[in-house]
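S.K.: Provided below for reference: sequence and predicted model.
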Amino acid sequence: MTGLSLSHLSVHRGPCPVVDDVSLDLRPGECVGLIGPNGAGKTTLMRAALGLIRHKGTSSLARLSAAERARAAAWLPQMREIAWPVSVETLVGLGRTPHLGPGQRMGAADRAAIAHALSRMDLAGYETRRATALSGGEQARVLIARAVAQEAPVLIADEPIAGLDPAHQIATMRLFSGLAAEGRLVLAALHDLGLAARFCTRLVLMHRGQLVADGPPREVLTEANLARVFGLRAYFAETPDGPVVQPVEVVA
Ligand SMILES: Nc1ncnc2c1ncn2[C@@H]1O[C@H](COP(=O)(O)OP(=O)(O)OP(=O)(O)O)[C@@H](O)[C@H]1O
């Protein structure tokens, strides 16, 4: 199983580093929440880690050829609009492309992976629907299903639960933590600190391009970090369902 190793990763936009010397070792079996305020550098870090943009330093995924990387990592970008009027099943099936040789047709394993991903994203019955004719949240679920159908050892997702209703947000986070429990590495940029605290095994906190905290949710979501990085005060509680973190007020 593959993890993700970043060493002194930096990305410059003009003279400013928007990702500033980030080193991280993420291992199979971890469900990692990448958190930080707007503009902290989360998307840029993930894109550099995948080798999609120019960067300094190294990333174990960016080193791979495009074909190797497509088998190693599934990437769910932030933009969720679907441009192609194809069926849901066809779109989710695109996740199998890295597993097919030139001209090779899908086999039973591919069809099973597609059906499994559809079912896990609560999309059974949507197979023949036109993807462009779905609601925003349904389209987001279809794109997550495509990434899940890829069955890559690493899943990197940029705000995957944005736009999903609360039940589908929880179900998706549960799916991600389940994939990690199966031995995959999941790295997801998240703005919902409550769901991040509940479902992630580890949180990586970014601020102004730098990694400022990394560890179990309770150690990262401290009062001091929330105030300094997010400008927030939050309510914390331990419950039988896990930690509850609810931002309650903006602090100066
Ligand atoms: N193509 C670009 N050209 C110039 N600056 C950019 C570019 N892309 C991103 N930036 C800047 O880099 C910084 C980090 O952006 P990034 O999208 O990585 O943040 P983020 O943490 O993902 O934010 P959000 O939570 O809003 O999605 C921001 O200040 C942004 O304005």
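M.R.: Arrived safely.
S.K.: Next to the ligand, which bits of this structure? Give me the list.
M.R.: Within the chain, the positions adjacent to the ligand are 13, 18, 36, 38, 39, 40, 41, 42, 43, 44 by CB under 6 Å from any ligand atom. To be clear about C-beta, it is placed using only N, CA and C from the backbone, and glycine gets the same treatment.
S.K.: try 8 Å this time
M.R.: 11, 13-14, 16, 18-19, 36-47, 78, 158-159, 189, 191, 206, 209 (CB under 8 Å from any ligand atom).
S.K.: Helices along the stretch 101-250 of the chain, start to end?
M.R.: With helices called from DSSP state H, counting those that start in this stretch, the stretch 101-250 of the chain shows them at 108-120, 136-149, 166-181, 193-199, 217-220, 223-225.
S.K.: center of this structure, which residue is that?
M.R.: residue 157 (2.1 Å; CA atoms, centre = their mean).
S.K.: Test of understanding: give the bridge partners of it.
M.R.: residue 76, residue 188 (DSSP bridges).
S.K.: which residues sit in contact with it?
M.R.: 75, 76, 144, 147, 176, 186, 187, 188, 189 (CB atoms under 8 Å, 6 or more residues apart in numbering).
S.K.: do you know how far the second one is from residue 12?
M.R.: Translated: residue 76. Here the distance between residue 76 and residue 12 works out to 25 Å (CB to CB, to the nearest Å).
S.K.: Figure out the helix or strand that residue 19 lives in.
M.R.: Assigned by DSSP states H and E, residue 19 belongs to strand 16-26.
S.K.: Quick one: residues in contact with that strand.
M.R.: With CB under 8 Å, 6+ apart, strand 16-26 has contacts from 3-12, 32, 41, 44-45, 48, 55, 57, 185, 187, 202, 204, 206, 208-211, 214.
S.K.: And the pLDDT at the residue nearest to the centre of the chain?
M.R.: Note for residue 157: predicted pLDDT of 98.
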